[in-house]
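Student: Can you look at this prediction? I've put the sequence above it.
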Amino acid sequence: MPELPEVETIRRQLDLEVKGLAVVASGSHPSAKFLPAIEVVGAEIAALKRRGKYLFLELRDGRDLIVHLGMTGQLQISSLDNIAKATDGYTRAWWTLDDGRHLMFRDVRRFGRLFVVPRGDHSKIPTLRHMGPEPFDLNFDGLKFWGLMKGRSQKIKTQLLSQRPIAGVGNIYADEALFLAGVDPATRSISRSRAVELLESIRSVLKGAIERGGTTFRDYRNLEGAGSNQKFLLCYGRHGKPCRNCGAIMLRKIVDARSTTWCSHCQKR
């Protein structure tokens, strides 16, 4: 599933392509998850924002078109003159812009979703409503991060995936950050000092992934093609291989229904 670096990469690219343009036509798959696409005809795209793993197209009329990519969602731009030529059987929504190009939302498995809401109204999107701070928020520090996790009974990795102590971290970057910080993903509590280290590790792995255009294994594509961060992963997906730190064989286990890679030597409880 696209996580913060993938969505941020797409946001930056789309900002250069569609900001200031107006939607002159649209269409969608009949599923209620994609029908909001048709509600924005006539609206101008004023800005591109991101919150966690959600992409926001801020409209000049005071609404937000919110895109959640799900597991296989992709946003693409086509300059073909005919929308029928630009789409395929996996296109779930599309918007024709006033410069003649089309913005398409392609989603093979249909786990993605669209919302059109008044700006700032997340009452119908629980994940957004309860989402924790952004990782790069200058007012967010290790002490506040620790405070959001302290006293909770969930395992550390599960807490990260919940989006409540911090926004935008999914399975890939949780594994990477926990490995970098030396934290066992199944532990249920960490000290304040280790929370500071973990926050710095989260920021480090997210920053590196953004710089490389995201992580592409199968479905994720940004507007320019595949990301390259998969070549730099230290932990995720490396079970059965030697740890890059100590040489021990990396292990895999299930942590609250999520496949997790870790090093039993480097990541102590």
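Tutor: That came in fine, so what should we check first? Numbering: from 1, shown residues only.
Student: Stretch 112-119: how far from the chain's middle?
Tutor: Taking CA atoms, centre = their mean, to the nearest Å, the mean C-alpha location of stretch 112-119 is offset from the chain mean by 16 Å.
Student: Run through who's touching that stretch.
Tutor: Applying CB atoms under 8 Å, 6 or more residues apart in numbering, the contact partners of stretch 112-119 are 28, 33-37, 39-40, 58, 62-73, 92-93, 105, 124-125. Where you see a C-beta, it was placed from the backbone N, CA and C, and this is true even at glycine.
Student: And Val40, how far from Gly247?
Tutor: Applying CB to CB, to the nearest Å, one obtains 54 Å for the distance of Val40 from Gly247.
Student: With neighbour numbers in mind, choose between the two.
Tutor: Higher neighbour count among Val40 and Gly247: Val40, with 21 against 9, using other CB atoms under 10 Å.
Student: Out of the contacts of stretch 112-119, which sit inside strands?
Tutor: Ser28, Glu58, Arg63, Asp64, Leu65, Ile66, Val67, His68, Gly73, Arg92, Ala93, Phe105 (DSSP state E).
Student: what's Gly100 in contact with, if anything?
Tutor: Ser79, Asp81.
Student: CA atoms only for stretch 6-15, dumped as CSV, please.
Tutor: Taking Å, rounded to 0.1, in the frame of the first residue of the first chain, the C-alpha atoms of stretch 6-15 are listed here in CSV:
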residue,chain,number,x,y,z
GLU,A,6,4.7,7.5,-2.2
VAL,A,7,1.8,9.9,-1.7
GLU,A,8,4.2,12.8,-1.1
THR,A,9,6.0,12.0,-4.3
ILE,A,10,2.8,12.0,-6.3
ARG,A,11,1.6,15.2,-4.6
ARG,A,12,4.8,17.1,-5.6
GLN,A,13,4.6,15.9,-9.2
LEU,A,14,0.9,16.7,-9.5
ASP,A,15,1.4,20.1,-8.0
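Student: By neighbours, which of the ones in strands among the contacts of stretch 112-119 wins?
Tutor: For the ones in strands among the contacts of stretch 112-119, neighbours were counted using other CB under 10 Å, and Gly73 has the most, 30 neighbours in all.
Student: ok now stretch 59-79, how far from the chain's centre?
Tutor: Relative to the centre of its chain, stretch 59-79 is centred 13 Å away, using CA atoms, centre = their mean.
Student: Val41 touches Val23, doesn't it?
Tutor: Yes: under the criterion of CB atoms under 8 Å, Val41 makes contact with Val23 at 5.5 Å.
Student: number of nearby residues for Glu211?
Tutor: Using other CB under 10 Å, Glu211 is surrounded by 13 other residues.
Student: same question, Asp61
Tutor: 12.
Student: list the contacts for it?
Tutor: Under the criterion of CB under 8 Å, 6+ apart, the contact list for Asp61 reads Ala43, Glu44.
Student: And it, how far from Val40?
Tutor: In this view, Asp61 and Val40 are 9 Å apart by CB to CB.
Student: Same question for Asn139.
Tutor: Distance, Asn139 to Val40, by CB to CB: 32 Å.
Student: Domain-wise, how is this protein divided?
Tutor: Following automatic domain parsing, the chain resolves into domains at 4-123, 142-262.
Student: Tell me the span between the first and last residue of the first one.
Tutor: Just to be clear, that refers to domain 4-123. With CA to CA, to the nearest Å as the measure, the ends of domain 4-123 fall 22 Å from one another.
Student: pLDDT (mean, whole number) over it?
Tutor: Domain 4-123 comes out with an average pLDDT of 97.
Student: quick one, helices of the stretch 101-250 of the chain?
Tutor: Counting by DSSP state H, counting those that start in this stretch, the stretch 101-250 of the chain has helices at residues 126-129, 142-149, 156-161, 171-181, 192-211.
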